[in-house]
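> let me see the structure of the following:
(chains A, B and C)
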Amino acid sequence: METTGHFLGTEGWPDGKIFGLLDRAHELKGSPGGNELAGKILAMVFFNPSLRTRASFEAAMLRHGGHAILLEPGRGVWGMETRTGVVMDGDAAEHLVEAAAVIGRYADAVAVRAFPAGEDLEAALADPVIGGFAAHAGVPVINMESARRHPCQGLADAMTIEERLGKRPSGARFVLAWTWHPNPLPTAVPVSAAINAARLGMDVTIAHPPGWELYPGDMEAVRTVAARNGGSVRVSGELDDAVEGADVVYAKSWGRLDLFGDAAAERAARTVHRSWRIDGGRMGRTRQGRGIFLHCLPIRRNVVATDEVLDGPWSVVIDQAENRLHVQRSLLLEVLG
Amino acid sequence: METTGHFLGTEGWPDGKIFGLLDRAHELKGSPGGNELAGKILAMVFFNPSLRTRASFEAAMLRHGGHAILLEPGRGVWGMETRTGVVMDGDAAEHLVEAAAVIGRYADAVAVRAFPAGEDLEAALADPVIGGFAAHAGVPVINMESARRHPCQGLADAMTIEERLGKRPSGARFVLAWTWHPNPLPTAVPVSAAINAARLGMDVTIAHPPGWELYPGDMEAVRTVAARNGGSVRVSGELDDAVEGADVVYAKSWGRLDLFGDAAAERAARTVHRSWRIDGGRMGRTRQGRGIFLHCLPIRRNVVATDEVLDGPWSVVIDQAENRLHVQRSLLLEVLG
Amino acid sequence: METTGHFLGTEGWPDGKIFGLLDRAHELKGSPGGNELAGKILAMVFFNPSLRTRASFEAAMLRHGGHAILLEPGRGVWGMETRTGVVMDGDAAEHLVEAAAVIGRYADAVAVRAFPAGEDLEAALADPVIGGFAAHAGVPVINMESARRHPCQGLADAMTIEERLGKRPSGARFVLAWTWHPNPLPTAVPVSAAINAARLGMDVTIAHPPGWELYPGDMEAVRTVAARNGGSVRVSGELDDAVEGADVVYAKSWGRLDLFGDAAAERAARTVHRSWRIDGGRMGRTRQGRGIFLHCLPIRRNVVATDEVLDGPWSVVIDQAENRLHVQRSLLLEVLG
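Residues are numbered from 1 along each chain as shown, chains lettered A, B, ... in the order given. Here you go, the predicted structure:
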């Protein structure tokens, strides 16, 4: 999933390079930033909404003297066709091929957010938009969340864990906890979180109800990174059991993949699992009752986790969101500096 | 309505500090600006549309070497929940508590625009959005118009009056003139204008049809500031009488508060007052026929005021809009410099 | 169509000045840009969507140390009235007169995009929005595409031709080829392209089906520029004949002007002309089969031109889009430097 020079999925970069990014991110957090990116332009292309990603990427460029340009296809920018060979006599006025190439002529790097769309799971997970940008932009492409990966979130997750548990907390217990949510969300965030916990050498438990298995190729990616770094991966169907003794509880909902594209059926299947939610009792079961709680945000309060958790001593979600800024500063200095 | 370090409503800051902001704004108008805000980021969060506020805040940051990041919840950014304790299984994907805290980690100050919403007047006037940001952002929060106040507009109003009538024009006559308008608008602008006229020591007349009384707490705020600065406040139900001999006519429509949330009833009540409009005849009744005409813009021509007024010698609305830039430069240098 | 200090339509500037802009654009393409526009702000006002124009104008400002502010009336900014003397009790909350004047107080120049609207051709082609900005902004106004002209596109077209055919390729053959398209598009781009080809002294052929004649005043503008610069202009109703021996094929669709405002009738008339499309066979008829293919983008693949053309050796559309950046750097340095 990686092409030279791009940053599409964290598993595509050598572990050493990722650890280097993390180490630099920790250092950057304590320093205001200089003028390293003066004259550099990052084009941010959002096919979907964003708050943290948009603000933190723009802030990261500005903190080092660079600038970001925001482009939102379909909202003030032409809609885009992504399929090849099609006769474009429908709604889309522009093809991705031209858009990517042109944006690459105006900017020094292009960051792209494109969630999965359509009803065909395999087609969605082929990640045609981010892949198309990587193929045609002619400059480094950074994934701001695609169908398959959210690598900058994964880096921030790892950085936040390191802040609390120490660098490379080998053997510590990381639980990715599926939760109920009103909508079927993409799997890019949970997969990226698991990959990066595995890379830190953690013992990863992925807890979800039967049927919510992650995509096999993604599980394989997690296992490969774990094997390379002394971590482990197991799956659990029971949430209370999974969080027992955990050092980190990472809450995240995602949609059932075998019902991809059929929102009504997926919702019906999900409705019985509303108790999959992180509350104070469950955080109390973590190691000495002091495990940390992570979530990528935005989070639905009292749905994914209770106010008690989010406002309590466990939550580090605001630090985690802040760390998006610092890992992206680190990444942008690597890619553009 | 003020918390330390924030700028939420002008009456919350000491008069001396406000006069200092105004004095510096006058000076800044004649100078291009330096690099005082280099490396500083202002996050601008708009829950409602804007032209002047958005452009003038961004320009103010840029004129002094800083930058602004634009975030629009619901338009390319996740919608936001503002109530506490709620189970977030509806439309809003993010709670204000997290959004404010996260934005505060990326920016050096946060500016927020949030008009009143809902059908409950007391709830709307409690100004939950701006208050929530002030409580959770962790950095200075600037009000770009809330349910209750538009303090930067109020500063620009005062600066414009001082340009034409001299500094602290004590005893000059300021008329806030309600006008007809097709929609029930918020009261933040007229209240802020009256507070700042009162602070200049002016004799303030608030003219409106019976029923369009401002919120009692807001009238109290105007009276308190007037008393402190040698100004006076009276209410009039007759527009021609009110503008007689005025030095300043400030036109502004607002919705009837006892019909808040019931747009149809409010519109029906308002329909008989279409003659509440500023025309050349009314400006002719001002002091020597040379009173000045103010409005915060946007203004509906030939509804709130006639072309004759807006294109005539009385209108200073473009200067008034320009002064938004200068008072905000002054404010941002104070808050971030 | 030009007022002193503005850049509204390329034919309004002296040929020597345009050639100077082009010469500087060629030089700038090879250089990174300095700090010539430090402290300068360009306000970009978009009444219609954009990708290239928006990104390339912002990039052009940033490449020389300046900044751009983005304003989109009706999308986060108040809708705007453009007619004079109207009682504004409808949807529009702001008049162009005030908006233009205010924006001009915040920015050093204002760039405006406003496509033709309404059902009255003469009224649309009077270009009230760009004209209103020019009359009221008080600072230089740059046309980012109006009802009549897209002068920056025209400059980029000329620059791209010069890159491939040499400077001022007098006597070379330029074909503006109308194509089928699902929607009736404006004529600003084809007219601007033809004006600038004529200015280079080229022999211009405008090929379209009977009924798709350009506006007489615009044809006159092309002919005047051609006569001044040793070029020629002819019209053809047969596409295969027109491209025979061409050095440049510029594909572009536009709507039939005598059916302006009647989209259904226009579509019905157009439906028989779907074969007006540039394919490899037609490019093979150009001079030695090596003519170049231009289009302003966005382009509908396999509708306006085939994949074979766009992915083949003829297409220079990405260079042409990149050149938007360089001609605008040149223009902004001229206007603001």
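> in chain A, which helix is the longest?
helix A:317-336 (DSSP state H).
> quick one: mean pLDDT for it?
The pLDDT scores in helix A:317-336 average 98.
> what helices or strands is that helix leaning on?
helix A:15-29, helix A:52-63, strand A:109-113, helix A:151-165, strand A:292-294, helix B:96-106 (3 or more C-beta pairs under 8 Å, 6 or more residues apart in numbering or on different chains; DSSP states H and E). (Glycine included, C-beta is placed from N, CA and C.)
> turn the ones you listed into TSV, including distance to C:S31.
TSV is the format used below for the helices and strands packed on helix A:317-336 (distance: least, C-beta to C-beta, whole Å):
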stretch	distance to C:S31
helix A:15-29	31
helix A:52-63	22
strand A:109-113	20
helix A:151-165	33
strand A:292-294	47
helix B:96-106	33
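> now render the ones you listed as JSON lines, adding mean neighbour count.
Output for those, formatted as JSON lines (neighbours: other C-beta atoms under 10 Å in any protein chain shown):
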{"stretch": "helix A:15-29", "mean neighbour count": "17"}
{"stretch": "helix A:52-63", "mean neighbour count": "26"}
{"stretch": "strand A:109-113", "mean neighbour count": "26"}
{"stretch": "helix A:151-165", "mean neighbour count": "25"}
{"stretch": "strand A:292-294", "mean neighbour count": "25"}
{"stretch": "helix B:96-106", "mean neighbour count": "25"}
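> out of the ones you listed, flag the one nearest C:V86.
helix A:52-63 (38.1 Å; C-beta to C-beta).
> could you list the residues in contact with that closest one?
Contact partners of helix A:52-63, identified using C-beta atoms under 8 Å, 6 or more residues apart in numbering or on different chains, comprise A:32-33, A:37, A:40, A:42, A:44, A:46, A:67-68, A:70, A:111, A:113, A:144-145, A:152, A:297, A:321, A:324-325, A:328-329, A:332, B:39, B:41, B:43, B:67, B:69, B:71, B:76-77, B:102-103, B:106-107.
> again, 7 Å this time
A:33, A:37, A:42, A:44, A:46, A:67-68, A:70, A:111, A:113, A:144-145, A:297, A:321, A:324-325, A:328-329, A:332, B:41, B:43, B:67, B:69, B:71, B:102-103, B:106-107 (C-beta atoms under 7 Å, 6 or more residues apart in numbering or on different chains).
> alpha carbons only: can I get the helix or strand just after that helix in PDB?
Where DSSP states H and E defines the elements, the next helix or strand beyond helix A:52-63 is strand A:67-71. Extracted C-alpha coordinates of strand A:67-71, given in PDB (Å, rounded to 0.1, in the frame of the first residue of the first chain):
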ATOM      1  CA  HIS A  67       1.200  27.200   4.200                       C
ATOM      2  CA  ALA A  68      -1.800  25.000   3.400                       C
ATOM      3  CA  ILE A  69      -4.400  25.400   0.700                       C
ATOM      4  CA  LEU A  70      -7.800  23.800   1.300                       C
ATOM      5  CA  LEU A  71      -9.800  22.200  -1.500                       C
END
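> hmm, strand A:67-71 touching chain B?
No - using C-beta under 7 Å from any C-beta of the partner chain, we find that strand A:67-71 stays clear of chain B, coming within 8.0 Å at best.
> quick one: name whatever helix or strand follows that strand.
By DSSP H and E, the next helix or strand past strand A:67-71 is strand A:80-81.
> how far does the helix or strand hosting A:F133 sit from the chain's center?
Taking DSSP H and E as the definition, one finds A:F133 inside helix A:128-136. On the basis of C-alpha atoms, centre = their mean, to the nearest Å, helix A:128-136 is displaced by 18 Å from the centre of the chain it belongs to.
> can you check stretch A:108-124 too?
With C-alpha atoms, centre = their mean, you get 13 Å for stretch A:108-124.
> do the same with stretch A:208-217
Per C-alpha atoms, centre = their mean, the displacement of stretch A:208-217 from the mean C-alpha position of its chain is 17 Å.
> between the two ends of that stretch, how far is it?
Taking C-alpha to C-alpha, to the nearest Å as the measure, stretch A:208-217 stretches 17 Å from start to finish.
> that one: which residues count as buried?
Going by neighbour count (16 or more other C-beta atoms under 10 Å in any protein chain shown), the buried part of stretch A:208-217 is A:H208, A:P209, A:W212, A:L214, A:Y215.
> widest-spaced pair of those?
Farthest-apart pair in the buried residues of stretch A:208-217 is A:P209 and A:Y215; separation 16.3 Å (C-beta to C-beta).
> still on that earlier bit, pLDDT of the next helix or strand after the helix holding A:F133, averaged?
Under the assignment DSSP H and E, the closest C-terminal helix or strand after helix A:128-136 is strand A:141-143. Per-residue pLDDT over strand A:141-143 has a mean of 98.
> count the residues that sit near whichever residue of the stretch 201-337 of chain A sits closest to chain C.
Among all residues of the stretch 201-337 of chain A, A:L336 sits closest to chain C, at 13.7 Å; criterion: C-beta to the nearest C-beta. By other C-beta atoms under 10 Å in any protein chain shown, 21 other residues sit near A:L336.
> which ones are touching the residue nearest the centre of chain A?
The centroid of chain A falls nearest to A:H150 when counting by C-alpha atoms, centre = their mean (2.6 Å). Neighbour list for A:H150: A:A188, A:V189, A:S192 [criterion: C-beta under 7 Å, 6+ apart].
> what would those residues look like in a markdown table with neighbour count?
A markdown table is the format used below for the contacts of A:H150 (neighbours: other C-beta under 10 Å):
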| residue | neighbour count |
| --- | --- |
| A:A188 | 27 |
| A:V189 | 22 |
| A:S192 | 30 |
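> put together CSV for these, with secondary structure on each row.
As requested, those are exported to CSV (DSSP: H, G, I helix; E, B strand; the rest coil):
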residue, secondary structure
A:A188, helix
A:V189, helix
A:S192, helix
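> so where's the stretch 51-200 of chain A uncertain?
A:74-79 (pLDDT under 70).
> up against chain B, what does it have?
Residues of the stretch 51-200 of chain A lying near chain B (C-beta under 7 Å from any C-beta): A:L51, A:R52, A:A55, A:S56, A:E58, A:A59, A:L62, A:E72, A:R75, A:P182.
> can you name the two of those residues that sit furthest apart?
Once C-beta to C-beta is applied, these give A:L62 and A:P182 as the farthest pair, at 35.2 Å.
> looking at the stretch 201-337 of chain A, what residue ends up closest to chain B?
For the stretch 201-337 of chain A, C-beta to the nearest C-beta, closest residue to chain B: A:P298, 3.3 Å.
> contacting residues around the closest residue to A:I142 other than its chain neighbours?
Distances taken as C-beta to C-beta, 6 or more residues apart in numbering or on different chains put A:A111 closest to A:I142, at 4.2 Å, once the chain neighbours are dropped. Neighbour list for A:A111: A:L42, A:M44, A:V45, A:F57, A:I142, A:M144 [criterion: C-beta under 7 Å, 6+ apart].
> if I look at A:A111, how far off is C:S56?
Distance, A:A111 to C:S56, using C-beta to C-beta, to the nearest Å: 18 Å.
> before we move on, what about A:A193?
37 Å.
> now tabulate the residues of the stretch 51-200 of chain A next to chain B in TSV and tack on distance to B:G245.
Compiled in TSV, those are given as follows (distance: C-beta to C-beta, whole Å):
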residue	distance to B:G245
A:L51	52
A:R52	56
A:A55	51
A:S56	56
A:E58	52
A:A59	53
A:L62	52
A:E72	53
A:R75	51
A:P182	61
